[in-house]
Structures are given as C-alpha cells and as structure tokens.
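Chemist: Kindly return the folded structure for what I paste below:
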Amino acid sequence: MANLKEIRNRITSVSSTMQITSAMKMVSAAKLKKAQDAITAMRPYAEKLTELLQNLSATLEGDTGGEFTTQREIKKVLVVAITSNRGLCGAFNSNVIKAAKVRSEYYSGKQVDIFAIGKKGNDVLVKTNNVVENQSSVFDNLTFDNVAAIADTLTEKFLSGEYDKIELIYNQFKNAATQIVQVEQFLPLAPLKSDLNLTPGDYIFEPSKEEIVLTLIPKSLKTQLYKGIRDSFASEHGARMTAMHKATDNATELRNQLKLTYNKARQAAITNEILEIVGGAEALNG
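Modeler: Sure thing, here's the model as predicted:
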C-alpha cells in the first residue's frame, strides 16, 4: 500500500502542476493579444518612416546622414541583447543569448561589449561577456518615451566614438509558435537606398531635404529600437503560451499514465488480498 500512496502523491503533484501551467497559458494568451495588436499597429508606421527616409535620401547627393552614417574602423562593438525578465518561455531567451555569443566570436580580436535589455539575458551573459549596462526595468512600463531614452544613450555612445558599431539582437514576432532571431545594424546607418525603382515626387520641401533627413534619422533610430523591443515582447508571450501549452499536454499525459499505473497496482493488491483470504479459508477447511 505504500507504493499506492506514493503514486497517489505523484498524481496530486502532477495535477497541481497542470493547473499552474494551464493558468499561465491563459494569462500569456491574454497578454499576447494586446502585445500582438501593438506590434501589428506599429509596423506600418515604422515601414512608412523608413520608406520616406529612403525616398528623400535617393534624391540627395553625397553623404546626407552626417555623423550617423560615419563608417569608422571597427575596434569596439556594442551588442544590444533584448531578452525578457521572466523564464518559462522555451528557447526564447537562450536563442538570443546564443546569437549574442556568436556575434562576440565573429568580432574576435575586437572589444565586444553587451548592452542587456532583459534580466534573463543579463544574468547569463554577465558570466561570460562584459555587460556594460542592463535596462531590464523598461519592461515595467513599456512606452515609446522610455525606449527613446535608451535609444538616445546608444546614439550618444556611437557619436562620441565610444563604440564604432552597434547591433541589435532580438526575437521577431511571426506568430504564437514562431519567433525569428534577428541581428540588425543600429549604427552606423547602412546606406539609405531603396530596392524599389520609385520616381521621386515633385514636392516643395521646407526646410531643405537635408535638414528633414537629419531630423528623421534620430526619430527612425528610436522607432527601430522600440519596434525591436515590441517585437521581442510579443514573441515572449507567444513563446510562453506555446511552452505552457506543451507543458500542460505533457502533464495531462503523465497524469493519465500514473492513474493507469495506480489502478493496475490497486487491482493487483486487491487480487493478492483475495487470494490470501481464499488460501486461509481452504487451510481451515482442510
């Protein structure tokens, strides 16, 4: 009977775990809807801003990006790793951490520092890499203004010459089950050229095109970082919902197996008791 008691305890434990994972799945599903709506609504704006910047730049001659497009000899690189503050979301965080380590190896021989956005990435990368700053608190109140402050910090680090190149690594949201790790160059800006053969419109610009481009570039950088963090935020909830869904399914399967094992053991115990009773009765009769 001790064996039966142990199986009963395991069934109770697995059932409790299943209730927790099921609740976490529903919570993530609710948060995912809100995060997905936010990134879906933002993407057209970000794409249109990039298109506008490209169209303006295509009509200009020479270097129009100023210090933002300055190509320096790469000696110091800053990798911005965007993860989450919480776990239980499958390979969401580990994929970004692996990509950050791969980029560090790619720039072997050069100084590579990590700018962590997210507690999980910071906790792991600080053991193997030089993490210069951690901005995990941005997820407590994820607004454009808070992200813009981080973008200003990154921009200042590049313009001051502290770093020669800055890259972003994050999970791009595709759907609840699929997240794609993206490595994007943040600074210096890549040549602003459009792949589309667009004919520039005949517009009157006030102020000049050059001034408009230089005004749009900081705005574009802030939007790029905000879009990356928003993508990562939606991907986190999608990954957690999928992970908890799988965990709930596994717990259900394990509980069913334990119930079957329990019933078999209980049936065997009852059969043994009956045999002992019958054997005792025959012994008395004999």
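
Chemist: counting contacts, what elements does the helix or strand of the chain with the lowest mean pLDDT pack onto?
Modeler: The helix or strand of the chain with the poorest confidence is helix 2-58; it has a mean of 89 (mean pLDDT, DSSP states H and E). Using 3 or more C-beta pairs under 8 Å, 6 or more residues apart in numbering; DSSP states H and E, the elements in contact with helix 2-58 are strand 165-175, helix 209-285. (Each C-beta comes from the backbone N, C-alpha and C, glycine too.)

Chemist: and the residue most central in space within the chain, how far is that from Q185?
Modeler: Nearest residue to the geometric centre of the chain (C-alpha atoms, centre = their mean): S232, 4.0 Å. To Q185, S232 is 17 Å away according to C-beta to C-beta, to the nearest Å.

Chemist: Give me the distance from the least confident helix or strand of the chain to the chain's centre.
Modeler: In terms of C-alpha atoms, centre = their mean, to the nearest Å, the centre of helix 2-58 is found 10 Å from the chain centre.

Chemist: tell me the contacts of the residue nearest to A177 when sequence neighbours are not counted?
Modeler: Distances taken as C-beta to C-beta, 6 or more residues apart in numbering put T242 closest to A177, at 5.2 Å, once the chain neighbours are dropped. By C-beta atoms under 8 Å, 6 or more residues apart in numbering, T242 lies in contact with 90, 176-177.

Chemist: so K119 makes contact with G87?
Modeler: No: counting by C-beta atoms under 8 Å, K119 does not reach G87; the two are 9.4 Å apart.

Chemist: How many neighbouring residues does the nearest residue to M18 once chain neighbours are set aside have?
Modeler: Spatially, and ignoring its direct neighbours in sequence, M18 is nearest to A251 (3.8 Å; C-beta to C-beta, 6+ apart). A251: 20 surrounding residues under other C-beta atoms under 10 Å.

Chemist: Poorly predicted segments of the stretch 51-200 of the chain, please.
Modeler: Segments of the stretch 51-200 of the chain classed as low confidence (criterion: pLDDT under 70) are 57-65, 191-200.

Chemist: what are the ranges of the strands in it?
Modeler: Listed in chain order, the strands of the stretch 51-200 of the chain (DSSP state E, counting those that start in this stretch) span 76-82, 111-117, 130-134, 165-175, 178-187.

Chemist: Could you export these to CSV, including columns for distance to D140 and mean neighbour count?
Modeler: Shown next, in CSV, are these (distance: least, C-beta to C-beta, whole Å; neighbours: other C-beta atoms under 10 Å):
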stretch, distance to D140, mean neighbour count
strand 76-82, 15, 24
strand 111-117, 12, 22
strand 130-134, 13, 15
strand 165-175, 18, 22
strand 178-187, 22, 17
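
Chemist: CSV for those, including distance to A23?
Modeler: Shown next, in CSV, are the strands of the stretch 51-200 of the chain (distance: least, C-beta to C-beta, whole Å):
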stretch, distance to A23
strand 76-82, 27
strand 111-117, 28
strand 130-134, 30
strand 165-175, 22
strand 178-187, 22
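
Chemist: right, so of those, which gets closest to D37?
Modeler: Minimum separation from D37 across the strands of the stretch 51-200 of the chain (C-beta to C-beta) falls at strand 165-175, 11.4 Å.

Chemist: In terms of secondary structure, what does that closest one contact?
Modeler: helix 2-58, strand 76-82, helix 92-106, helix 144-159, strand 178-187, helix 209-285.
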